[in-house]
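Chemist: structure here, sequence nowhere to be found:
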């Protein structure tokens, strides 16, 4: 058994139940010696129960450990901020003191303040903190986040720009972001996919954009039309590097000003993706093709645009109806079944057909 110092903190090293164990004590060497003697006594007297001591450790320690080992390597945005919110809410509790009711109350408050989708995503970050603590041997209790009753997310929002609004937005957008907006409107790419797009993944000759890292984790190919090809040619092409080179904060600022100047309200950047999908389905009516272009993992996600195809078909049939040389005024009024029967052809059953 021994004590040692590392990076300004003192640790104790000892054996218990045939296993070598180490504990971080802190900056006090005296305290490290005292705790080492206490552990020796616990081992000799058979009172050494590490699982109890783990459960008695503060929740914030597990959050910090999770961030260092896993959280900081996640691609999802906002992980650090969400973990900080957990520490602010549960930081005063021990790991074993956090109950399912505590987490449910936090979830309900988040869902009421923000949305069910936001609350669900936060639970997707909280639950692994407990799960990993158990996997790493730091916690033996239950996962209170796993018992939370989640609400159904409302994904019905479908705000998209009309053709007139598209013209106004592009007309008011700065030169810095106009090509980027055109890319979003002509491909349906997500904001992150556009900002991360590299010239190495743009094939001008074959008119393709390769998205290697998407939200679903699956790569996909996007065909690009003449208008976007000309836009990209005006920017480059280059052998390597970012296509648009616009920082996210710059995009946010310029996009906000463009919306104000164009008098477009209740609109987010992600709604450009809805705009692409809506106009595509109204013109093409091909849901399977749209699913591939958007990179949706299931047809259900694309089905939200199906009603637009039906509306567009209704307008198409109206245009067809108007073009046909058939007019209601050419038919006698108050035609009933009897008159139809009298006009039926010889040998028929009076159907008038």
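Modeler: Done, it's in. None of the values given here were measured: they were computed from a predicted structure.
Chemist: buried residues in the helix or strand that contains residue 275, which are they?
Modeler: Assignment of secondary structure by DSSP states H and E places residue 275 within helix 271-284. Applying a neighbour-count criterion of 16 or more other CB atoms under 10 Å, one finds 271-282 buried in helix 271-284. From N, CA and C alone the C-beta is placed, and that goes for glycine too.
Chemist: likewise for stretch 28-45?
Modeler: Buried positions in stretch 28-45, judged by neighbour count with 16+ other CB under 10 Å: 32, 35-36, 39-40, 42-43.
Chemist: contacts for it?
Modeler: Under the contact criterion CB atoms under 8 Å, 6 or more residues apart in numbering, stretch 28-45 has outside partners 1-3, 5, 10-12, 14-16, 23, 25-26, 47-48.
Chemist: rewinding a little: take the buried residues of stretch 28-45 and keep only those in helices.
Modeler: In helices, defined here by DSSP state H, the members of the buried residues of stretch 28-45 are 32, 35-36, 39-40, 42-43.
Chemist: going along the chain, name the helices of the stretch 251-353 of the chain.
Modeler: For the stretch 251-353 of the chain, the helices identified by DSSP state H, counting those that start in this stretch occupy 271-284, 287-294, 299-302, 306-323, 337-342, in order along the chain.
Chemist: quick one: low-confidence parts of this structure?
Modeler: Counting by pLDDT under 70, the chain contains low-confidence ranges at 1, 17-18, 44-56, 154-157, 214-217, 309-321, 324-353.
Chemist: would you list every one of the strands in the protein?
Modeler: Along the chain, the segments classed as strands by DSSP state E run 2-6, 9-16, 19-26, 202-203, 208-211, 220-223.
Chemist: re earlier: now, which of the buried residues of helix 271-284 sits nearest residue 186?
Modeler: Distances from residue 186 to the buried residues of helix 271-284, taken as CB to CB, are shortest for residue 276 (6.9 Å).
Chemist: ok, and the closest non-adjacent residue to the closest one?
Modeler: Leaving aside its sequence neighbours, residue 276 sits nearest to residue 188 (CB to CB, 6 or more residues apart in numbering; 3.7 Å).
Chemist: and residue 233, how far from residue 202?
Modeler: Distance check for residue 233 against residue 202: by CB to CB, to the nearest Å, it reads 10 Å.
Chemist: compare neighbour counts for those two and give me the winner.
Modeler: Each of residue 233 and residue 202 has its neighbours counted (other CB atoms under 10 Å); residue 202 has more, 21 against 10.
Chemist: the nearest residue to that one once chain neighbours are set aside and residue 293, how far apart?
Modeler: Computed as CB to CB, 6+ apart, the closest residue to residue 202 that is not its neighbour in sequence is residue 209, at 5.6 Å. In this structure, residue 209 lies at 11 Å from residue 293, with CB to CB as the measure.
Chemist: same question for residue 238.
Modeler: From residue 238 over to residue 293 the distance is 25 Å, taken as CB to CB.
Chemist: between those two, which one's more packed in?
Modeler: When neighbours are counted by other CB under 10 Å, residue 293 comes out ahead of the other of residue 238 and residue 293, with 20 against 12.
Chemist: ok, that one - contacts?
Modeler: Residue 293 makes contacts with 187-188, 222, 280, as judged by CB under 8 Å, 6+ apart.
Chemist: which of those residues sits closest to residue 147?
Modeler: When those are compared for distance to residue 147 (CB to CB), residue 188 wins out at 37.8 Å.
Chemist: number of nearby residues for the closest one?
Modeler: Neighbour count of residue 188, defined by other CB under 10 Å: 22.
Chemist: I'd guessed it sits against residue 294; true?
Modeler: Yes. Judged on CB atoms under 8 Å, residue 188 makes contact with residue 294 at a distance of 5.4 Å.
Chemist: what's the overlap in contacts for these two?
Modeler: Taking CB under 8 Å, 6+ apart as the contact criterion, the common neighbours of residue 188 and residue 294 are 273, 277.
Chemist: follow-up on the earlier one: dump the buried residues of stretch 28-45 into a markdown table; add distance to residue 57 as well.
Modeler: Converted to a markdown table, the buried residues of stretch 28-45 look like this (distance: CB to CB, whole Å):
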| residue | distance to residue 57 |
| --- | --- |
| 32 | 17 |
| 35 | 14 |
| 36 | 18 |
| 39 | 15 |
| 40 | 21 |
| 42 | 16 |
| 43 | 19 |
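Chemist: got the domain ranges for the protein?
Modeler: In terms of domains, the chain is parsed into 2-48, 59-147, 163-310 (source: automatic domain parsing).
Chemist: how about the backbone phi and psi for residue 204?
Modeler: Residue 204 has phi and psi values of phi -70, psi -40 when expressed as degrees, to the nearest 10.
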